[in-house]
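A.B. asks: model the following, please.
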Amino acid sequence: MKSTTETLSPTRIKLTIEVPFEEFKPSLDAAYKTIGSQITIPGFRQGKVPAVIVDQRVGRGAVLDEAINAALPGWYNQALQDSNIQPLSQPEIDLAKFEDGEPIEVTAEIDVRPELTLPDISTISVTVADAEISDDDVTEQLTALQERFATFAEVQRPVAEGDFLTIDLSAAQNGEDIAEAQAAGMPYTVGKATMLEGLDEALIGLSAGETKTFSTQLVGGDLAGQDVDVTVTVKDVKEQQLPELDEEFAQTASEFDTIDELKADLTDRVTRGKRMEQANEARDLILDEIVATIEAPLPENLVTEEITNRRQQIEQQLAVAGIPFQQYLDDEEQTVDEFEADLEKRVRDALIAQFVLDQVVADREFGIDDDELSQHIMRRAQQSGEDPNGFIQHIMEHNHVPEMVSEVLRGKALASLVESAKVVDTSGNVIELSKLRADGTFAEDADDEADATV
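C.D. replies: Below is the predicted model:
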């Protein structure tokens, strides 16, 4: 088998595959065996029917069709591998020449990544926010830690902001209860995550056992966006009691003996987190700068497919949230045409960014080892909040491993681009992201830089 390619456009090629009939014979033999096992001929065991008898019963043409359909995927994949082609679309395959006993010719038209001319990355300079640490940042972390060890005491007073309640909810429209909008014994924190517009206002000032009815709109279900009357009953009121910020708390909540040591550790954690935020901002800004300089042809079929997928995702998310599409447009202060134009631009920019990174991967011959892939999969599992074993099983069953590999390689490509650009903070300080480790610390010497990542 041999294959050749012909460029039809900057984003589309024609792949021609030529196969001598001799190489087709194993597939033909397998087809005879398959069809022979499906027919019953007196005097022959099933699966042992001679080829001449199969030809008499079903015809040579049926066997050829069975064989070619089985062989085509293997030929196509082998040709892609031999030609080092990474298709962006399903192929349009045509059996150009197929005569019994003659060489076979197959053509496949496929979309491919265009060749891009990248700008001189060393000329790109971006400015990111300062990694400033305020007292409020550390206080926020301390408060979150206190809340993890908080206790709750029932109080005999009206509801106030921040209280933890048990409530009953009942929604009605035109005096009739809405079956799917009833809830009893539901926990609720005032001011933390408003479920319904007006709920917090109705609750504040009530005491345990008291009820109040207010008008609002449901955010989900068949009546989403319609006016309803909601009756809320307070079952009990609990007040959060935070532990004192003292040595005892430090020893209970951490590995440190004093509150000062705990604060110092939290300050270090916040600092490292700010550095990672700077790195993320730099990545986005640098990639945006590169994309803005590139005018690349894109496979229109791929653009259309991606626009459709993204719009469906948005519509599904809105449906789950109970938000009509027109309301979403109103909130975003967009018309339908503006939404469509913005969506298309974001899709095109995202595709160019992907092509840029893929080209850098190919040009610089980045590779990946098993440890890098395993670490990336574990990080993705943590980010998703899923059980790592379940996450790994899912990506294996649905063949998402190539996707994971691409993410790692594109990450390496982006890191190399960021290292070549100039990054400063708003105070004018140059940030050497090439020395930034994954934990937010900076490598101090050449040996450490081998472990650094942006």
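A.B. asks: residues in contact with Val360?
C.D. replies: Shown in contact with Val360 (CB atoms under 8 Å, 6 or more residues apart in numbering): 118, 366, 413, 416-417. Yep, even glycine has a C-beta here, placed from its N, CA and C like the rest.
A.B. asks: just say helix, strand or coil for it.
C.D. replies: Assigned state for Val360: helix (three-state reduction, DSSP: H, G, I helix; E, B strand; the rest coil).
A.B. asks: buried ones in stretch 271-281?
C.D. replies: When burial is assessed from 16 or more other CB atoms under 10 Å, stretch 271-281 yields the following buried residues: 271-272, 274-276, 278-279, 281.
A.B. asks: any chance of those in TSV with pLDDT and secondary structure as columns?
C.D. replies: TSV is the format used below for these (pLDDT from 0 to 100; DSSP: H, G, I helix; E, B strand; the rest coil):
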residue	pLDDT	secondary structure
Thr271	93	helix
Arg272	93	helix
Lys274	92	helix
Arg275	91	helix
Met276	92	helix
Gln278	92	helix
Ala279	91	helix
Glu281	94	helix
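A.B. asks: tell me the two of the contacts of Val360 that are most distant?
C.D. replies: Taking CB to CB, the two most distant members of these are Leu118 and Phe366; they sit 15.1 Å apart.
A.B. asks: low pLDDT regions in this protein?
C.D. replies: Filtered on pLDDT under 70, the chain yields the residue ranges 46-47, 193, 220-221, 445-454.
A.B. asks: next, count neighbours for Glu261.
C.D. replies: Using other CB atoms under 10 Å, Glu261 has 14 neighbouring residues.
A.B. asks: ditto for the one 4 residues further on
C.D. replies: Residues contacting Asp265 under the criterion other CB under 10 Å number 15.
A.B. asks: if I look at it, how far off is Thr258?
C.D. replies: In this structure, Asp265 and Thr258 are separated by 11 Å, where distance is defined by CB to CB, to the nearest Å.
A.B. asks: all strands for the stretch 351-454 of the chain, in order.
C.D. replies: Taking DSSP state E, counting those that start in this stretch as the criterion, the stretch 351-454 of the chain contains strands spanning 422-425.
A.B. asks: same question but for the stretch 51-200 of the chain, I mixed them up
C.D. replies: Counting by DSSP E, counting those that start in this stretch, the strands of the stretch 51-200 of the chain are 92-97, 104-111, 125-128, 151-154, 164-173, 176-189.
A.B. asks: in CSV: these, plus distance to Gly36.
C.D. replies: Supplementary listing: these in CSV, determined by distance: least, CB to CB, whole Å:
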stretch, distance to Gly36
strand 92-97, 24
strand 104-111, 23
strand 125-128, 67
strand 151-154, 75
strand 164-173, 67
strand 176-189, 59
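A.B. asks: switch the ones you listed over to TSV; also include mean neighbour count.
C.D. replies: As requested, the strands of the stretch 51-200 of the chain are arranged in TSV below (neighbours: other CB atoms under 10 Å):
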stretch	mean neighbour count
strand 92-97	13
strand 104-111	20
strand 125-128	17
strand 151-154	10
strand 164-173	18
strand 176-189	13
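A.B. asks: closest one to Val361 among these?
C.D. replies: Counting by CB to CB, Val361 lies closest to strand 104-111 out of these; the figure is 18.6 Å.
A.B. asks: next one: the closest one to chain centre, how far?
C.D. replies: Mean C-alpha position of strand 104-111 versus that of the full chain (CA atoms, centre = their mean, to the nearest Å) differs by 32 Å.
A.B. asks: what lines up beside it in the sheet?
C.D. replies: Each strand paired with strand 104-111, and its direction, by DSSP bridges: strand 12-19 (antiparallel), strand 92-97 (antiparallel).
A.B. asks: and of those strands, who's closest to Val424?
C.D. replies: Using CB to CB as the criterion, the shortest distance between Val424 and the strands paired with strand 104-111 is 41.8 Å, found for strand 12-19.
A.B. asks: Provide the contact partners of the closest one at residue level.
C.D. replies: The list of residues contacting strand 12-19 from outside it, by CB under 8 Å, 6+ apart, reads 1-8, 71, 75-76, 79-80, 83, 85, 91, 96, 103-112, 299.
A.B. asks: and it, what's buried?
C.D. replies: 12-13, 15, 17-19.
A.B. asks: return the member of the residues you listed nearest to Phe214.
C.D. replies: Checking the buried residues of strand 12-19 against Phe214 with CB to CB, the nearest one is Arg12 at 60.2 Å.
A.B. asks: and the closest one, how close does it get to Thr117?
C.D. replies: For Arg12, the distance to Thr117 - CB to CB - is 19 Å.
A.B. asks: so which helix or strand takes in Val228?
C.D. replies: Val228 is part of strand 227-241 when elements are defined by DSSP states H and E.
A.B. asks: tell me where the stretch 1-150 of the chain has helices.
C.D. replies: If DSSP state H, counting those that start in this stretch is used as the criterion, the helices of the stretch 1-150 of the chain fall at 21-36, 51-58, 60-83, 135-148.
A.B. asks: and those helices: which comes nearest Thr194?
C.D. replies: Closest to Thr194 of the helices of the stretch 1-150 of the chain, according to CB to CB: helix 135-148, at 18.7 Å.
A.B. asks: quick check: buried residues in that closest one?
C.D. replies: The neighbour-count criterion (16+ other CB under 10 Å) identifies 137-138, 141-142, 145-146 as the buried residues of helix 135-148.
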